[in-house]
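*Asks:* Need a 3D model of the following:
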Amino acid sequence: MLRVLVICLLWPCWAAAGPWLKPVGDKFLSTTTSYQRGEKSDLISVISSIYFEAGAFEKLTLGADISYQAGVENTSLLFARTQLWVRDNGRAAVELGLGWHQSNLISEPVYRLGFSWGRGTKTRFGPGWMTVDSHITKYSNRDLNTLKIEGTYGVSSSDKMKWMMQMTVEQYSNSEDVLITLTPSVARLVWGDVFLQIGALTQSAGSQENNFGLKAAIWQNF
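*Replies:* The predicted structure follows:
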């Protein structure tokens with residue numbers, strides 16, 4: 001049974017995900033690579049991902065979420081997101097996803113249910129935003145679920161610079177360990193509408209070895 005207790009302030013991610021729907025015809029694309037190394041061992045993992053979303057209808061955003069870890073696992077998922085409400089204190093959306101997971105041991109369908117909340121903010125350094133994204137993923141051929149809560153706080157200090165702090169809390173139903181990852185990062189406009197994001201990450205993994213690493217991403221609204 002999933003047991004995650006989070007007593008903290010969770011803040012939002014960048015232009016992807018969150019409760020904001022894409023206007024009809026608008027699109028967002030990001031490619032991300034993270035490099036992680038164990039605190040005491042030479043164990044290295046490299047995880048790559050592609051995220052895409054597009055405004056299909058006024059109240060519906062469609063997208064794809066693909067992740068790949070060489071020699072370990074990969075997941076491809078299609079999703080649909082729609083607005084739940086828009087209020088003075090923020091907005092919320094719900095998301096449904098269907099995809100396929102493959103590892104060295106098994107291939108199986110996966111299902112994902114997501115809920116997100118977010119709002120814009122004002123700071124002395126410029127406009128900001130905060131979001132909380134939560135997902136429950138079901139692996140259909142095993143008695144396995146995952147719960148993931150991801151929050152980010154972001155500030156745009158100018159049209160070309162964005163500063164972000166991201167916190168992720170994750171747990172698998174077959175493990176007592178709660179994975180907590182902190183990722184401070186900065187994104188800069190490099191050409192056209194393309195941003196380059198660079199960040200560091202540290203992961204506390206309960207009884208498992210802690211990890212440290214770097215994250216790089218390229219993302220664009222078009």
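*Asks:* separation between Ser134 and Glu150?
*Replies:* 7 Å (C-beta to C-beta, to the nearest Å). In short, each C-beta sits where N, CA and C put it, glycine included.
*Asks:* Look at those two and report which has more neighbours.
*Replies:* Each of Ser134 and Glu150 has its neighbours counted (other C-beta atoms under 10 Å); Glu150 has more, 23 against 19.
*Asks:* Identify each buried residue in the strand ranked longest in the chain, please.
*Replies:* Criterion DSSP state E: the longest strand present in the chain is strand 107-123. Going by neighbour count (16 or more other C-beta atoms under 10 Å), the buried part of strand 107-123 is 110, 112, 114-119.
*Asks:* Could you point out which of the residues you listed is nearest to Ala92?
*Replies:* The closest of these to Ala92 turns out to be Trp117 (C-beta to C-beta; 4.8 Å).
*Asks:* Name all residues that make contact with that closest one.
*Replies:* 19, 90-92, 131-132 (C-beta atoms under 8 Å, 6 or more residues apart in numbering).
*Asks:* Check those residues and tell me the two furthest apart.
*Replies:* Among those, Arg91 and Val132 lie farthest apart (C-beta to C-beta), at 11.6 Å.
*Asks:* Common neighbours of those two, please.
*Replies:* What both Arg91 and Val132 touch, as defined by C-beta under 8 Å, 6+ apart, is the set 117-118.
*Asks:* neighbouring strands for the helix or strand hosting Val190, and are they parallel or not?
*Replies:* Assigned by DSSP states H and E, Val190 belongs to strand 178-191. Using DSSP bridges, the strands paired with strand 178-191 are strand 161-172 (antiparallel), strand 194-204 (antiparallel).
*Asks:* I'd like the distance between the closest residue to Gly118 other than its chain neighbours and Tyr153.
*Replies:* Nearest non-adjacent residue to Gly118, counting by C-beta to C-beta, 6 or more residues apart in numbering: Thr131, 3.5 Å away. In this view, Thr131 and Tyr153 are 9 Å apart by C-beta to C-beta.
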